[in-house]
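**Student:** 3D, please:
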Amino acid sequence: MLVQGAITGRDVLLHSLTILRLWGPGCYVRCLRAVVSRRPCTFLDVISTHAR
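**Tutor:** Reported below is the predicted structural model:
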């Protein structure tokens, strides 16, 4: 398995329950927005944007 660092739609869907349970619905929505916008970003980028 190659680790790229960028989140994919498949990752978000496969791990949706974990994301929702650990980081909440706001983070899940930000992940979905990142996937839909097709901008390359990591999960850390997504969860840290809320802290800014």
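**Student:** quick check: the residue nearest to the spatial centre of the chain vs Leu22, distance?
**Tutor:** The residue lying closest to the centre of the chain (C-alpha atoms, centre = their mean) is Cys31, at 3.4 Å. If you measure Cys31 against Leu22 using C-beta to C-beta, to the nearest Å, the figure is 12 Å. Where you see a C-beta, it was placed from the backbone N, CA and C, and this is true even at glycine.
**Student:** next one: Thr8
**Tutor:** Separation of Thr8 from Leu22 (C-beta to C-beta): 18 Å.
**Student:** please apply the same query to Leu13.
**Tutor:** Remark: distance between Leu13 and Leu22 (C-beta to C-beta) = 16 Å.
**Student:** now swap in Val35 and tell me
**Tutor:** Separation of Val35 from Leu22 (C-beta to C-beta) stands at 18 Å.
**Student:** the two: which is more packed in?
**Tutor:** The residue with more neighbours, out of Val35 and Leu22, is Val35; 19 against 10, by other C-beta atoms under 10 Å.
**Student:** mean confidence score for whatever helix or strand Leu22 lives in?
**Tutor:** Assigned by DSSP states H and E, Leu22 falls within helix 16-23. In this model, helix 16-23 has a mean pLDDT of 93.
**Student:** what are the contacting residues of it?
**Tutor:** With contacts defined as C-beta atoms under 8 Å, 6 or more residues apart in numbering, helix 16-23 is touched by 12, 27-28, 31, 47.
**Student:** determine the longest helix present in the chain.
**Tutor:** helix 25-37 (DSSP state H).
**Student:** starting at the chain centroid, how far to that helix?
**Tutor:** 6 Å (C-alpha atoms, centre = their mean, to the nearest Å).
**Student:** any stretches of this protein with poor pLDDT?
**Tutor:** Low-confidence segments of the chain (pLDDT under 70): 1-4, 49-52.
**Student:** downstream of the longest helix of the chain, the next helix or strand is which one?
**Tutor:** Taking DSSP H and E, what comes next after helix 25-37 is helix 43-49.
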